[in-house]
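> Take this sequence and fold it.
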Amino acid sequence: MVFIKEIVPKAAITFVANSLYNEHYETQKMKHRWETIGEEMHTEYAWRDDHTWQKFSVISGVHAKPIPKKSETEFIIEHYWGYSKRSATKTTQYEVTHPRWDAYDIKSYTIDVNFGKIYGTEFDSLSTSKPISVMLAEGSEITVEGKSTV
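Purely as a prediction, here's the structure:
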């Protein structure tokens, strides 16, 4: 998995991630919604770029389930190592620790993001493309351990 840009709501998070881990975080105004309606959970994450809200939303089942071993969801969600390019010859490695997460069954989704504007023109085509997969996991607190240069 590669993160092209990580958007967070607090400038302090951006400062720490970019200063200590050479990440490329960006601070934007953000909002979210988690609402259970009957047997469905409506989940939405949005951020404002200039004056336009960008958003991802899903309708899922209400109960998270263990992620099956060797599944696509496990491959994407359950990663425990991070790497950041520090220079042309150095990379930082760090361990991310957290309990194994559970995931929700996705019933439908909406993606309302101008990918070209947010990530650069080389990503324009994503605004009209259908994703290969959509996932929602029940996360947890994490720790970042053992930063080293490789």
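
> how far away is residue 109 from residue 133?
As judged by C-beta to C-beta, to the nearest Å, residue 109 and residue 133 stand 10 Å apart. From N, CA and C alone the C-beta is placed, and that goes for glycine too.

> If you could redo that for residue 20, that was the one I meant.
Taking C-beta to C-beta, one finds residue 20 at 32 Å from residue 133.

> The two - which one has more neighbours?
Remark: of residue 20 and residue 133, residue 20 carries more neighbours, 13 against 8, as counted by other C-beta atoms under 10 Å.

> Show me the shaky parts of the protein.
Where the chain drops to pLDDT under 70, the residues are 1-2.

> which residue ranges form the strands in this protein?
With DSSP state E as the criterion, the chain has strands at 6-8, 25-27, 29-37, 40-49, 52-60, 65-66, 81-85, 91-97, 102-103, 106-112, 137-138, 143-149.

> Most tightly packed of those?
strand 102-103 (a mean of 18; mean count of other C-beta atoms under 10 Å).

> Show me what it pairs with in its sheet, parallel or antiparallel.
Strands adjacent to strand 102-103 in the sheet, as given by DSSP bridges, are strand 65-66 (antiparallel), strand 137-138 (antiparallel).

> starting at the chain centroid, how far to the helix of greatest length in the chain?
Longest helix in the chain, counting residues (DSSP state H): helix 11-21. Relative to the chain's own centre, helix 11-21 is displaced by 16 Å; criterion: C-alpha atoms, centre = their mean, to the nearest Å.

> Contacts for it, please.
Under the criterion C-beta atoms under 8 Å, 6 or more residues apart in numbering, residues 6, 8, 23-27, 82, 84, 92, 94, 144, 147 lie in contact with helix 11-21.

> Next, format these as JSON lines and append distance to residue 121.
Shown next, in JSON lines, are the contacts of helix 11-21 (distance: C-beta to C-beta, whole Å):
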{"residue": "6", "distance to residue 121": "20"}
{"residue": "8", "distance to residue 121": "24"}
{"residue": "23", "distance to residue 121": "22"}
{"residue": "24", "distance to residue 121": "17"}
{"residue": "25", "distance to residue 121": "21"}
{"residue": "26", "distance to residue 121": "17"}
{"residue": "27", "distance to residue 121": "23"}
{"residue": "82", "distance to residue 121": "27"}
{"residue": "84", "distance to residue 121": "24"}
{"residue": "92", "distance to residue 121": "29"}
{"residue": "94", "distance to residue 121": "31"}
{"residue": "144", "distance to residue 121": "32"}
{"residue": "147", "distance to residue 121": "34"}
